[in-house]
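Undergrad: build the 3D model from these lines:
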Amino acid sequence: MKKIIVLLLFVSCFSQAQQAKLNKADKEFNSFAYVDAIEVYEKVLQNGYKSPELYEKLGNSYYLNGESEKAANCYKSLIEYNTEIDPEIYFKYSHCLKALGKYDEANKMMSIYYDKTSNTGSKKELDSYLTEIRNNSRDYIIKPTDINSEFSDYGPSYYANKVYFTSAIDTAAVKKKIHEWTGQNFTDIYVANVNKDTTLSYSGNFSKKVNTKFNESSPIFTKDGKTMYFTRNNFLNGKKGKSEDKSTFVKIYKATLVEGEWGNITELPFNNNQSSFAHPALSLDEKTMYFASDMAGTNGYSDIYKVKINADGSFGSPENLGKHINTTGRESFPSVDKEGNLYFASDGHLGLGGLDLFIAKINSDGSFQNPVNLGEKINSPKDDFAATFYDKISGFFTSNRDNGKGFDDIYYFRENICKQKAEGIVYDAQTNLPIAGATVILFDDDMKEVEKISSDDKGFYTFNVDCSKKYYIRGLKEEYEPAEVKLITNAVHEKVNKNDLFLSKKQIPIDEGTDLAKLFNISKIYFDLDKSNIRPDAEVHLQKIIEVLKQYPNMTIDIRSHTDSRQTHKYNEALSDRRAKSTLEYIVKNKIARNRLTAKGYGETQLVNKCADNVPCTEEEHQMNRRSEFIIVKMK
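TA: Just a heads-up that it's a prediction; the model follows:
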């Protein structure tokens, strides 16, 4: 960006929502009996039998139901075990803590999550920031516009199918002054029509009343088209204002449309003669103005500020957007896209050179997230700044990159969006039958809801998703526990990602022949090598069975223990029998009547796969045969 732009800016020196708790329906299921797995887990914990598995299952269930405090307590207990856990636990724990207002603790958990997933988050280190920028780079189509001249053309602003821009071109519309630094004219505001193919056609000088012999730039318009704000040198009603050291800075002015002509030009009340105020931008609701200034309290050469616009048209006091937006360098040219996100130019945040364009996404409370560099295509080693938006994915910006026509040129950009599909079927986890009418919600990486749909009559759902992003897909249905899957998309356009969801009923029907081990995902009861005494980690599983037996005092079960084939038949049968009977004795000691239990070891006589004697098998295949079963023999 050339000195004329520097002068214009600052003459002296560039002066969760989380899903709500599901309603729990009290349903009657006629002749069936049901086990509420979560209730069993809670009772097992209440009885003093604890394990990482229990805390993780309970925590995830509470988390998916929006019970943040309960989930946080479970995750805290899980982490205190100091065992290897899924890094996503720290992610979920962090969101629960934020929901509880514990932001410092939440940030610590998110930091651990970043470390464990090799994700630096918002921490840009000097030895990695270029890689991070490249990884975050969006794919843009960039084209120069036809309104560029040999002079400086910059600062486009889109409104009502026209682009209003700043140029040093001499059209003799008003008497121009030559700037001694550049040999170019002082700038005026000009107009270009936006054609159907988004090319621009020059339309002429904007307004003789707005444009003067000094610099004007950066016009923006209210939605009704009756008010505009713009930047101008400290010059109003034929008088030039100066600072105490006789410098002429820039200010933000307001003009109104009267009978088709722009007039009633006034400066905004927060301006002063000692600093520069430039490049206004309006929030979507037009209740906030953003602008750049080097006023007292600025972090660097220039910062982005905001100021409230009151209902009566008056203004509040300017507020600095803070150090996560502003640096010790230069932040300027704010603008707002169609979703309320803030774009601005900076050379203080790590970038590719000169001024780079950054986006700071807006939060639900109106604050902004940490800025992200827009990447290599829209940013260059030179100055890139002043973006305006034609629609959600396209617009215009300014750059003095190589091979331009003049000093600064205006370019068209359009994000070349890579899209994929996320689709799947919602199943009943017990019956493997599809569930129609299930609610399926797509969340982004920050757990903000993106879209909500219902599965069709075949249980099918589909979403359109962006490439190279992380999502969470959650399934909900009355009478079922929620389920969630994580989706990380790659950069392949139109790829279809299959993500089936399996929902488990909150209350699961049981009857004679039901295997409680399968119900509670108990693959085996662990014993020490060649021993049959119950280990502490086995006790946790057995307590689940005991709780079911307490709920149904007329239930009798048969305990069955199985081994793999890697010993003699006689040895395996004897060992499995001792273990089955040891399991029975443990349950009896926990006040379950002996006449309600039978136990037998089957050794390797009931293998579930091919892994018989002398058949090569993997450890995982052998594991399938080493199992415990708790078969309901009688319910009444």
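
Undergrad: can you tell me the average pLDDT over stretch 228-248?
TA: Across stretch 228-248, pLDDT averages out at 89.

Undergrad: can you tell me the distance between the two ends of that stretch?
TA: 23 Å (C-alpha to C-alpha, to the nearest Å).

Undergrad: quick one: buried residues of it?
TA: 228-235, 243, 248 (16 or more other C-beta atoms under 10 Å). Where you see a C-beta, it was placed from the backbone N, CA and C, and this is true even at glycine.

Undergrad: farthest pair within these?
TA: Using C-beta to C-beta, those reach their maximum pairwise distance at Met228 and Ser243, which is 25.9 Å.

Undergrad: ok, so of the buried residues of stretch 228-248, who is nearest Tyr190?
TA: If you rank those by distance to Tyr190 using C-beta to C-beta, Phe230 comes first, at 12.4 Å.

Undergrad: and the closest one, its phi and psi?
TA: Phe230 adopts backbone torsions of phi -160, psi 170, taken as degrees, to the nearest 10.

Undergrad: try Asp577
TA: Main-chain dihedrals, Asp577, degrees, to the nearest 10: phi -70, psi -40.

Undergrad: that one: neighbour count?
TA: Look at Asp577: counted by other C-beta atoms under 10 Å, it has 17 neighbours.

Undergrad: with adjacent residues omitted, what lies nearest to it?
TA: Nearest non-adjacent residue to Asp577, counting by C-beta to C-beta, 6 or more residues apart in numbering: Gly601, 3.1 Å away.

Undergrad: quick check: the one you found vs Met228, distance?
TA: 87 Å (C-beta to C-beta, to the nearest Å).

Undergrad: so what pLDDT did Gly353 get?
TA: With respect to pLDDT, Gly353 scores 69.

Undergrad: in the stretch 351-500 of the chain, where is pLDDT below threshold?
TA: Where the stretch 351-500 of the chain drops to pLDDT under 70, the residues are 353.

Undergrad: and the strands in it?
TA: With DSSP state E, counting those that start in this stretch as the criterion, the stretch 351-500 of the chain has strands at 356-360, 372-373, 384-389, 394-399, 409-415, 419-428, 439-443, 449-454, 460-466, 470-476, 483-488, 496-498.

Undergrad: dump those strands to a markdown table, plus distance to Ser207 and mean neighbour count.
TA: Shown next, in a markdown table, are those (distance: least, C-beta to C-beta, whole Å; neighbours: other C-beta atoms under 10 Å):
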| stretch | distance to Ser207 | mean neighbour count |
| --- | --- | --- |
| strand 356-360 | 28 | 23 |
| strand 372-373 | 36 | 20 |
| strand 384-389 | 19 | 26 |
| strand 394-399 | 20 | 24 |
| strand 409-415 | 20 | 21 |
| strand 419-428 | 42 | 19 |
| strand 439-443 | 47 | 21 |
| strand 449-454 | 43 | 13 |
| strand 460-466 | 41 | 18 |
| strand 470-476 | 48 | 21 |
| strand 483-488 | 51 | 16 |
| strand 496-498 | 52 | 13 |
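
Undergrad: I'd like to know which of these lies nearest to Pro52.
TA: strand 483-488 (19.4 Å).

Undergrad: quick one on the thing from earlier: packing partners for the host helix or strand of the residue nearest to Asp577?
TA: Under the criterion of DSSP states H and E, Gly601 resides in strand 597-603. Secondary-structure packing of strand 597-603 (3 or more C-beta pairs under 8 Å, 6 or more residues apart in numbering; DSSP states H and E): strand 556-562, helix 569-589.

Undergrad: run through who's touching the first one.
TA: Which is strand 556-562. If you take C-beta atoms under 8 Å, 6 or more residues apart in numbering as the criterion, strand 556-562 is touched by 516, 525, 545, 549, 576-577, 579-580, 583-584, 587, 595-604, 606-607, 625-634.
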